[in-house]
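Asks: I need the structure of the sequence given here:
(4 chains)
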Number of protein chains: 2
Amino acid sequence: MEDDKKERIREAAIKVMAETGFFNTKTSSVAEEAGVAVGTIYNYFRSKDEILEYIFAVELKKRLTILNRLRESTEGFWGKLDRFLSYHFQEIIKQPEIGRILVREKEYPRKNGATQISGYLQKIPEAIELMLNEAMERGEIGKHKAKVVAAIIFGAVQGVVEKTVNTDDFSLLTTAAQDLVELLKKGL
Amino acid sequence: MEDDKKERIREAAIKVMAETGFFNTKTSSVAEEAGVAVGTIYNYFRSKDEILEYIFAVELKKRLTILNRLRESTEGFWGKLDRFLSYHFQEIIKQPEIGRILVREKEYPRKNGATQISGYLQKIPEAIELMLNEAMERGEIGKHKAKVVAAIIFGAVQGVVEKTVNTDDFSLLTTAAQDLVELLKKGL
DNA sequence: AGTGCATGAATGACGGTTCATTCATATGTT
DNA sequence: AACATATGAATGAACCGTCATTCATGCACT
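Replies: This next block holds a predicted model:
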């Protein structure tokens, strides 16, 4: 049995939690799926909560890296948005379980105070809001309430992901980025 | 102490579950909030799950009634959508806890098989999809994939509600219906 | 022979549900 | 009107299954 236990546990947790939801997931199931003993999990994570937190951290870091890279590019707003959404949707096509977890477990209140999750998650709509404001100043898009628009975009993305994972119709996601960008471009 | 225990329990559950989330809500807390004994809950509900199911049933029935009434009216698509969204957002302004629960607890996998919740909830985007198709046939809006658009609208609505309850900024909701309709009207 | 990771049975807290009991109110009887 | 009895809603302490977490022991590699 080879190494990188932490990664093995993360992948197992993604699989099991996507299936049954965080609260109905037993650490013993995660252990079994990962092929390790229950106790081993606790050599790498302080608690069950921390596993979920780690899952979010990994995924959101990937997306924020993309967003920051895009911010610096000279591309127009719509190109940036299209790139970002395409990346996000591709990731979910590759691993639908991630989609399930991201839409389902976000923001759920945990027993012992807040986790980092909300904090991490906030940053995505914030980044979009920032890009929106820049685009408005450049006159690339008309004046709108960036906050509301960001919430709409963020929500629309989740809506499409949700529909996809609920119906297992991944064809939706292959064109969703263009569909959405097109709609928004005309709309704003 | 007057009557209608079931209603008292429903209201208490809304309050407590909005605060702590379904899975962190103890039946004893609901009982306390409702001013009844724990056992009394079980005279009106078979389980904790059933309380949540009932909360959804009540709220979704209200919304589906509106939607069906609108379907029969001769009003155009955009008027209908505006009316529906206005109603929904007003309800959440009146009782933000409902908003929290609707966006957070939807579709969460329960231990003992499926609940009615997903089934009920499906009907909203379905109704929107239907209205969209009718509007496209009438030529009121251009041809689009109704399924994707319905998912986008449904998601966008949730996004705005989520933003609102997370920031406690209810001013968002007062104009959100018009903002959203306007954006979509131009976009489609 | 010491260090570090892995193990999984044991532990203990927690909380949903049950049910024997209480109690308020209604009904019937004189 | 006074009393007896029946009904079923309300109660909450106790029960019991369910896990998250711990830790004593085993194992491997240096």
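
Asks: so where is chain A shaky, pLDDT-wise?
Replies: A:1-2, A:112-114 (pLDDT under 70).

Asks: element containing the residue positioned nearest the centre of it, please.
Replies: Geometric centre of chain A, nearest residue: A:Leu102, 4.9 Å, by CA atoms, centre = their mean. Taking DSSP states H and E as the criterion, A:Leu102 maps to helix A:96-105.

Asks: rewinding a little: contacting residues around the residue nearest to the centre of chain A?
Replies: A:Phe56, A:Glu59, A:Val161 (CB atoms under 8 Å, 6 or more residues apart in numbering or on different chains). The way it works is simple: take the backbone N, C-alpha and C, and place the C-beta from them, glycine included.

Asks: gap between it and A:Gln95?
Replies: From A:Leu102 over to A:Gln95 the distance is 11 Å, taken as CB to CB, to the nearest Å.

Asks: domain assignment for chain A?
Replies: Split into domains by automatic domain parsing, chain A comes to A:1-45, A:52-187.

Asks: the longest helix seen in chain A: which residues count as buried?
Replies: If each helix of chain A is counted by residues according to DSSP state H, the longest one is helix A:48-72. Buried positions in helix A:48-72, judged by neighbour count with 16 or more other CB atoms under 10 Å in any protein chain shown: A:48-57, A:59-60, A:63, A:66-67, A:70.

Asks: check those residues one by one and keep those near DNA strand D.
Replies: The subset of the buried residues of helix A:48-72 within reach of DNA strand D, by CB under 7 Å from any atom of the strand, is A:Lys48, A:Asp49.

Asks: wait, which of the buried residues of helix A:48-72 is closest to B:Leu132?
Replies: B:Leu132 lies nearest to A:Arg63 out of the buried residues of helix A:48-72, by CB to CB, at 30.0 Å.

Asks: I'd say that closest one and A:Phe89 touch.
Replies: No: using CB atoms under 8 Å, A:Arg63 is not in contact with A:Phe89, being 11.5 Å away.

Asks: the longest helix of chain A packs against which elements?
Replies: For helix A:48-72, the helices and strands in contact under the criterion 3 or more CB pairs under 8 Å, 6 or more residues apart in numbering or on different chains; DSSP states H and E are helix A:5-20, helix A:77-94, helix A:96-105, helix A:117-137.

Asks: quick one: is stretch A:86-96 near chain B?
Replies: No: contact between stretch A:86-96 and chain B is absent, the nearest approach being 12.0 Å (criterion: CB under 8 Å from any CB of the partner chain).

Asks: which parts of chain A sit against DNA strand C?
Replies: A:Met1, A:Lys5, A:Val36, A:Ala37, A:Val38, A:Gly39, A:Thr40, A:Tyr42, A:Asn43, A:Lys111.

Asks: what's the neighbour count on the fifth one?
Replies: Think A:Val38. The tally of other residues near A:Val38 (other CB atoms under 10 Å in any protein chain shown) stands at 13.

Asks: nearest residue to it other than its sequence neighbours?
Replies: The shortest distance from A:Val38 to any non-neighbouring residue, by CB to CB, 6 or more residues apart in numbering or on different chains, is to A:Ala31 (4.5 Å).

Asks: name the surrounding residues that touch whatever helix or strand that neighbour lives in.
Replies: Taking DSSP H and E as the definition, A:Ala31 sits inside helix A:27-34. Applying CB under 8 Å, 6+ apart, the contact partners of helix A:27-34 are A:5, A:8-9, A:11-13, A:15-17, A:20, A:37-38, A:40-41, A:48, A:51.

Asks: ranking the residues you listed by neighbours, who comes first?
Replies: A:Ala13 (27 neighbours).

Asks: state the distance from that residue to DNA strand D.
Replies: In this structure, A:Ala13 and DNA strand D are 11 Å apart, going by CB to the nearest atom of the strand, to the nearest Å.
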